[in-house]
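>>> Need a 3D model of the following:
(chains A and B)
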Amino acid sequence: MAKWGMVIDLEKCTGCQACSTACQMENNRLPGENYQDVLYYTEGKQPTPTLKWFPRPCMHCEEPSCMHVCPTKATYKTEDGVVLIDWDKCIGCKYCMIACPYGVRFYTDEKALIEPNIKQVFKGDGDLSWNPPYKGPQQDPKHGVGIQPNGVVSKCNFCYHKISKAPKGVADLDESNPELVEYVPACVRTCAPKARYFGDLDNPNSQVSRLISDKQGTRLLDHTGNKPQVYYLTGGGAAGSAVPGTRSNKKA
Amino acid sequence: MNQDLRSLATDAPPHGERQAFRRLHALGRIGLRSVACLAARGARADCRCCIEACPRASLALHDGGLELDPVACSSCGICAASCPTGALAVEGFTLPAVVPPQGITVACERVHGAAPGAAHRVPCLGGLALTDWLRLALTAGDAPLRIVDDGSCTHCANATGAGEPAIPLLDAARRALTEAGVPAESLPQRVKPAPLPNGNEGRNASADEVVASRRGFFAGLSRSVASALTQTTTGDAQFAAPARIQRPRRDTIPGQRGEETRLLLLQIAQRHGRPHPVRATLPALAANSACRAHGACTGVCPTGALQLESDADNASAHLRFDAWLCVACGACSGICPSRALTLEPRAWRPFAVAPVELAVIGQCECRRCGALFAAGEDESLCERCRKTEALARAGFALFHRHRETPAAPEGP
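Down below sits the predicted model:
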């Protein structure tokens, strides 16, 4: 069984937010409620400040703190390494949102960002939070895929409706491969500078594994022990590089 | 809450299909309202009340659902009486609606001998819940409420270490009634059964234990085919096996036993000229100053006893607790992220007239995202935005080998 992971090359990332928009469209989210965003910050002072940024998807941790605190076991980790929410079990207590160190879980009871409230304009049927005019065909509450019902927490699911259909034993889901392009997560597929890679971290020959070992992939907030499955490449190695021992540089 | 299963199954359930009582086993006389079962909901509530109360160990939890051994079960109803949320019902426990002038007489099915007047027979006196006793007392009004006792209850197989199965709840009911102003002579009284016409005083109930009930007898006969029968009868729409809960979240358990108890006690007290009883058996919950209005407790509370509400101008959040709705499951104190809640078990406490306010937490709008949050000292960002900021700083330091503190990140 694969262990899906993502590599984001910050040297290539242009901060264009196409990934956020693709995520929003794929998962029937409103602007500002997308499962992933890009954090910006300025480096240096006037008159020569530089803008820096990095995208923030769910890290799909190997030891997800959100999963361990869930009182109803609604959050779970699949065999292929994806952290998902069972919307049928979630009671919306939001403890997972407090426990997540990356802030990538969402509850949509906040006041609307834009007036009029789009969710009131397109009212959802029954339990669903809204009824988007354009929506994907998938609605899979057991895997937290589709339109979010009222009163539950939602999060990035690595586009589980796509990657779960990928052929078994595939090392990488590469958007440039026409046979696999339909199984690639929306953010990876849409990334114009091709800064994102998606593949099997357990396969030492996959492109993601090689990138992590060759370019010293780092993980955010590694001291929390969550062991994210999303790695960042910074070029020339990063301060406190966090390559796990199992994925050592084979060239060395 | 003990009611006739047949009437419950044929009447349209008031809150939809999941509210209906469904037979736990095709051969048993016990029905489960799975939406109200704390163990089936699984939300940090390790409720084992019915399993521990069952004198014959006929109930067990299996894969998150309650299972009944119909051969061991005597349909005594003690499980239903012990259930804090009223999730169980047993056939044969209909309460009298009309009061004859000589009062109500309740008797166990197995007690021999004629009772004074026409006795109302139930499968076991231990199966009458506190609300049932209060309801009986309210129905009886000034007429006497009598319990037929021929002394055989102590030897009955339904009696556990505590002696007669009816004792704990009957004592609780007596105490609550006294508190509500019912004079001692109007409390439920024990009476000896009148001798049978042939002069027989009646036999010991344990002697005819083997043929305890007709249904149990046939259930024992069909022991070997019981499982096969269950499979074929689950297709029956009326008494299907309990359906798996589709959405245990958010919706709280309706039809609260605590709320029923409160209303009954208020009615009885008002009949005796008191506004309300002085004391009642209630759990207590306390919150200390660590509470930050996360709302995890209100989310996990199965009965809606905890509510978190903002006042009109959003200046503060109020955590309110209704002791009557609380089933003392401990889910709230177990989940509280700031360990602010302390639950004390049921005890004799002042009668809770209205929900109490456990904590008032000042809140303000987040400078960045505009969400309301419980503001600590010198905090202008909500917990989520602070987390984002810390993450941006950590990412900055990690990715760009720059130890200088960056300017505040711009929001997503």
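>>> give me the residue from chain A nearest chain B.
Chain B sits closest to A:Cys93 of chain A, with a gap of 3.0 Å, by CB to the nearest CB. C-beta here means a position set from N, CA and C on the backbone, and glycine is covered the same way.
>>> you'd agree B:Glu259 is in a strand?
No. Per DSSP: H, G, I helix; E, B strand; the rest coil, B:Glu259 lies outside any strand segment and is helix.
>>> any idea how far chain A is from the residue nearest to it when sequence neighbours are not counted?
Counting by CB to CB, 6 or more residues apart in numbering or on different chains, B:Trp324 is the residue found nearest to B:Glu259 once chain neighbours are left out, at 5.8 Å. Noted for B:Trp324: a distance of 22 Å to chain A, by CB to the nearest CB, to the nearest Å.
>>> start to end distance for stretch B:305-320?
8 Å (CA to CA, to the nearest Å).
>>> Show me what the mean pLDDT comes to for it.
Stretch B:305-320 shows a mean pLDDT of 87 in the predicted model.
>>> Okay, buried residues for that stretch please.
B:Ala305, B:Leu306, B:Gln307, B:Leu308, B:Ser316, B:Ala317, B:His318, B:Leu319, B:Arg320 (16 or more other CB atoms under 10 Å in any protein chain shown).
>>> just to revisit the earlier point, contact partners for the residue nearest to B:Glu259?
B:Trp324 is in contact with B:Gln256, B:Gly258, B:Glu259, B:Thr261, B:Arg262, B:Leu282, B:Ala305, B:Ala352, counting by CB atoms under 8 Å, 6 or more residues apart in numbering or on different chains.
>>> can you list those residues in a markdown table and add distance to B:Thr85?
Formatted as a markdown table, the contacts of B:Trp324 follow (distance: CB to CB, whole Å):
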| residue | distance to B:Thr85 |
| --- | --- |
| B:Gln256 | 7 |
| B:Gly258 | 9 |
| B:Glu259 | 11 |
| B:Thr261 | 12 |
| B:Arg262 | 15 |
| B:Leu282 | 16 |
| B:Ala305 | 11 |
| B:Ala352 | 18 |
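>>> biggest separation within the buried residues of stretch B:305-320, which pair?
Farthest apart among the buried residues of stretch B:305-320 by CB to CB are B:Ala305 and B:Ser316. That separation is 20.6 Å.
>>> phi, psi of B:Ala287?
phi -120, psi 140 (degrees, to the nearest 10).
>>> Relative to chain A, how far out is it?
Noted for B:Ala287: a distance of 16 Å to chain A, by CB to the nearest CB.
>>> beta partners for that residue?
Partner residues in beta bridges with B:Ala287, using DSSP bridges, are B:Leu341.
>>> following the host helix or strand of B:Leu177, which helix or strand shows up next?
Applying DSSP states H and E as the criterion places B:Leu177 in helix B:167-179. Downstream of helix B:167-179, the next assigned helix or strand under DSSP H and E is strand B:189-191.
>>> just checking, what packs against that next one?
Helices and strands touching strand B:189-191, by 3 or more CB pairs under 8 Å, 6 or more residues apart in numbering or on different chains; DSSP states H and E, are strand B:145-148.
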